[in-house]
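A.B. asks: Pasting a predicted model and its sequence here:
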Amino acid sequence: GLPIVVAVDGPAGSGKSSVSKAAARKLGWSYLDTGAAYRALSWFVVQRRLDPTDSDAVIDALPDFDYRIGTHPDTYHVFVGDHDVTDVIREPEVTAVVSAIARVPEVRAFLTGLFRAIIAHGEKRGIVVEGRDITTVVCPDAPVRILLTADEQVRMARRSAELTGHSAAHVGEALRRRDAADSRVVDFMNAADGVITVDSTDLDFDQTVDAVIAVVQKET
Ligand code: C5P
């Protein structure tokens, strides 16, 4: 049958990627980072020298976007064709254009279809799927739906600690701008009906992972 889906949404810097990955590892389940696919498509668009704000050009490129991943949380790598783009999709040049690409409805429909196919082909009992619209659009019927939040100051501090060599003010501003652009397209700041909020403001990393696992155990 279909795997049990744990849907996790939240803003940038909420720790959703690392927390979701660690929770998947602890459960022995698969992991899917949907933001990585939006980033990989953005990398592909930049690589092809297309204008990221030209939605027709982006839509025309979709059939050539050959996206491949393994869903094991310990060896999570992202490929476009033969290119391992795992690291390059985190670069500021890619991050800067991803919101423009993610707001195109055809892009969202295309990637949502891809995510559902990856989930359906999962070989583990469950999969932790993380992004912005997983609880509301990609897997609204998931048995476990979580909104992972933290106060804005805390999210910015955590993100600037991750990105060495960038000033805290610059990181904070870029993060705020991206959240503002993204939340015009999908609401990931407020929990939808039936979605459980896990607020990590006063939790350390391990406590946050345990809080997510506790929700999974309660709901499944
Ligand atoms: O999660 P991450 O910060 O890597 O996501 C990168 C970008 O991908 C977001 O800023 C957003 O524009 C887009 N995204 C999205 N829907 C998702 C996941 C990511 O629009 N489910």
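C.D. replies: Noted; the coordinates are in hand. Please read these numbers as outputs of a predicted model, since none were measured by experiment.
A.B. asks: Now for Met156: which residues touch it?
C.D. replies: Residues near Met156 by CB atoms under 8 Å, 6 or more residues apart in numbering: 13, 168, 171-172, 175-176. Where you see a C-beta, it was placed from the backbone N, CA and C, and this is true even at glycine.
A.B. asks: cutoff 6 Å now
C.D. replies: By CB atoms under 6 Å, 6 or more residues apart in numbering, the contact list for Met156 reads 172, 175.
A.B. asks: And for the one 5 residues further on?
C.D. replies: With contact set as CB under 6 Å, 6+ apart, Ala161 has no partners.
A.B. asks: So it, which state does it fall into?
C.D. replies: Three-state call for Ala161 (DSSP: H, G, I helix; E, B strand; the rest coil): helix.
A.B. asks: repeat for Ala12
C.D. replies: coil.
A.B. asks: Got phi/psi on it?
C.D. replies: Torsion angles at Ala12 (phi, psi; degrees, to the nearest 10) stand at phi -60, psi 140.
A.B. asks: my read: Ile101 touches Ser42, true?
C.D. replies: Yes. The criterion here is CB atoms under 6 Å, and Ile101 meets it with Ser42 at 5.0 Å.
A.B. asks: Kindly report the residues of this structure close to the ligand.
C.D. replies: Contact residues (CB under 6 Å from any ligand atom) of the chain with the ligand: 12, 34-35, 38-39, 98-99, 102, 131-134, 178, 182.
A.B. asks: quick one, helices of the protein?
C.D. replies: For the chain, applying DSSP state H gives helices covering 16-27, 34-47, 55-61, 92-102, 105-120, 152-162, 168-183, 205-219.
A.B. asks: Just the C-alpha atoms of the first one, please, in PDB.
C.D. replies: In other words, helix 16-27. Presented in PDB, the C-alpha positions along helix 16-27 are these (Å, rounded to 0.1, in the frame of the first residue of the first chain):
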ATOM      1  CA  LYS A  16      12.300  21.900   8.800                       C
ATOM      2  CA  SER A  17      14.800  20.200   6.500                       C
ATOM      3  CA  SER A  18      17.300  19.100   9.200                       C
ATOM      4  CA  VAL A  19      14.500  18.200  11.700                       C
ATOM      5  CA  SER A  20      12.500  16.300   9.100                       C
ATOM      6  CA  LYS A  21      15.500  14.400   7.900                       C
ATOM      7  CA  ALA A  22      16.500  13.400  11.500                       C
ATOM      8  CA  ALA A  23      12.900  12.400  12.200                       C
ATOM      9  CA  ALA A  24      12.900  10.200   9.100                       C
ATOM     10  CA  ARG A  25      16.200   8.600  10.100                       C
ATOM     11  CA  LYS A  26      14.900   7.800  13.600                       C
ATOM     12  CA  LEU A  27      11.700   6.300  12.200                       C
END
